[in-house]
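Student: Give the three-dimensional model of this entry:
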Amino acid sequence: MSFDFSEGFFSLLRALHEDKNFNRLNFVLLGVFLDSDLVKNVKTSPLTNIAVQIKLKGFTYEEALPLAGGLAEKTNNPQELLKFILEWTGGQPFLTQKLCLLVVKELEDYIPGGNEKAWLDNLVRTEIIVNWEEKDAPEHLRTIQDRILYPKTAIELLKLYQIIIQGKENSTESTATENQVIEELLLTGLVVRRYGKLEVANKIYGEIFNQEWIEKHLPSSVADYSQLRNLLADQKWKEADEETAKLMFKIANREIEGWLRVEDIEQFPITDLQTIDKLWVEYSNGRFGFSVQKQIYQDLGGTKEFNQKITEAFWQKVGLVVNNKPYWSEYNNLTFDISAPLGHLPIRYDIETPASVFGVVEELLSHPGLVFQKLETNQESIPPQKLINVEQSVTNLSQWLNNIFDSGWQMVEDILEIKETELLFAVRSQSNPRVIKAKKINLGKQDNIRMVVDVMSISNNQRSIIVSVYPSKDRTYLPLGLKFDILDSSGEFLQQKQLIVKING
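Tutor: Next up, the predicted model:
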């Protein structure tokens, strides 16, 4: 769907369909998508009148009946137990098979006769529902949650889902925009359409994605982000930091107290947290924001559990120690400028927290709703950045790299033949110095490649190394099965890494 040639591809299918020499062929397109995602104009699509949509549904009892054979090892009533399993899963194929497998694995002896339902109910609650995020392997429930929470229509999806679980009337005859949201919600698999109404797909989903889950993720109705957006747009970083604190206190209903507790962060609506973070990341070009701080904190080994050594290392890393004093006593002396260290802001929300109470920052920077994403830069708005040369930046890094980059290594622009007007990499931070070099490598048989090594200093004793490989100038593909052997300083083999291919990027 992301390729520019998608319309041409569908036109090819149409041509094959109309050619008597090829129309015996059937093509199957598998995926989760709307018609509008697949083609730009449904009415004029080459697939019009020849494509047949096949919607996959959950198992019926008859279709799932072969699974009862495996259950017969654990119960005298396998077919009855299968019915109870389907009551929980609604026939959803993955959940049905997972629950059958749990039954077989959990039981050493037979289920007492007549006690199948109570036993199964307890198994589902203890092994699937309670602390479901930790038990969701292979990942299934988190995928559904992500499909609800992370699209642009997340708020509309949550509100529609809330109407459904509250049992209020909902009609599929709606405006075009409303129909789009309905179709998106159906694609998540969380709901299904039965007899013209939308319902939760199965009992397991209903128990996990309940009213409490909705309230946790719906944005607060008291929050107005316009002032924060304006301050960030004007690069008034200190005022924006203070506005962030006001918003967080208001959302958490802690305006009178003026400080947050760990439980306030635990119950903080994810959508609000993500909105605040997104504004900071966007207007600082990826320098500030909760998710930026989280990445740094976790790279240092930080978790929810307070660890004074790691926390202090985080403060130092993001510039929250001034005059050898922590940020809460030196707030006015912090650097309220874009030149501040990566992850420096926001922090005002924690200033009023009593110094004896730790854990608020740790809880926030471990929040599962915060996902670090590299900012997509606009080539027109951000000028080209010169790559950092080791001789121009940090001594520690240049010493560590001594004798690694020999005379065969050159600047990336030279090897990849990038024009100065083109922007290859995102803006780089001086606080996280990087050395980037490139080299042509001859693999023989005309299979030459161009390799780029990007080394970044994370801390005094940690380095991040990213190796990227590009085809030679006259080729559009890389050799098959390309792998890297990692050796130690003496040349001894340590491990092998398989290449991860990225199309168009």
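
Student: For burial, what's the neighbour tally of Lys497?
Tutor: When neighbours are counted by other Cβ atoms under 10 Å, Lys497 registers 10. (Glycine included, C-beta is placed from N, CA and C.)

Student: Look at the nearest residue to it once chain neighbours are set aside and give its secondary structure.
Tutor: Setting aside the residues directly before and after it, Lys497 is nearest to Phe484 in space (Cβ to Cβ, 6 or more residues apart in numbering), at 4.6 Å. Following DSSP: H, G, I helix; E, B strand; the rest coil, we place Phe484 in the strand state.

Student: One more: the one 10 residues further on?
Tutor: Under three-state DSSP, the three-state class of Leu494 is strand.

Student: is it true that it touches Phe484?
Tutor: No. With contact defined as Cβ atoms under 8 Å, Leu494 does not count as touching Phe484 (10.8 Å).

Student: Looking at the two, which is more packed in?
Tutor: Neighbour count, other Cβ under 10 Å: between Leu494 and Phe484, Phe484 has more, with 13 against 8.

Student: so how far is Met451 from the more buried one?
Tutor: Using Cβ to Cβ, to the nearest Å, Phe484 is found at 9 Å from Met451.

Student: Kindly report the same for Leu157.
Tutor: For Leu157, the distance to Met451 equals 43 Å [Cβ to Cβ].

Student: So which of those two has more stuff around it?
Tutor: More neighbours surround Leu157 than the other of Leu157 and Met451, with 21 against 16 (other Cβ under 10 Å).

Student: can you pull the contacts of that one?
Tutor: Leu157 makes contacts with Ile148, Pro151, Val181, Glu184, Leu185, Thr188, as judged by Cβ atoms under 8 Å, 6 or more residues apart in numbering.

Student: Then Val104?
Tutor: Contacts of Val104 by Cβ under 8 Å, 6+ apart are Gly70, Leu71, Glu73, Lys74.

Student: Let's verify it: helix, strand, or coil?
Tutor: Under three-state DSSP, Val104 falls in the helix class.

Student: would you list every one of the helices in the stretch 51-200 of the chain?
Tutor: Here the stretch 51-200 of the chain has its helices, by DSSP state H, counting those that start in this stretch, at 61-64, 68-71, 78-89, 93-106, 116-124, 132-135, 141-149, 154-165, 176-188.

Student: ok, now the stretch 401-505 of the chain?
Tutor: Ranges of helices within the stretch 401-505 of the chain are 412-415, based on DSSP H, counting those that start in this stretch.

Student: and the contacts of Val104 as JSON lines, adding pLDDT and neighbour count?
Tutor: As requested, these are exported to JSON lines (pLDDT from 0 to 100; neighbours: other Cβ atoms under 10 Å):
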{"residue": "Gly70", "pLDDT": "91", "neighbour count": "15"}
{"residue": "Leu71", "pLDDT": "91", "neighbour count": "21"}
{"residue": "Glu73", "pLDDT": "83", "neighbour count": "11"}
{"residue": "Lys74", "pLDDT": "84", "neighbour count": "20"}
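
Student: Determine which two of these are furthest apart.
Tutor: Spatial extent of the contacts of Val104 (Cβ to Cβ) is set by the pair Gly70 and Lys74 at 8.4 Å.

Student: Okay, now the unreliable bits of the stretch 401-505 of the chain?
Tutor: Along the stretch 401-505 of the chain, segments meeting pLDDT under 70 span 401-407, 418-434, 444-447, 457-462, 476, 480-481, 489-490, 498-505.

Student: rerun at 80
Tutor: Residues of the stretch 401-505 of the chain meeting the criterion pLDDT under 80: 401-436, 442-448, 454-465, 472-484, 486-505.

Student: re the thing from before, how much space between the residue nearest to Lys497 and Phe493?
Tutor: Phe484 is 11 Å from Phe493, where distance means Cβ to Cβ.
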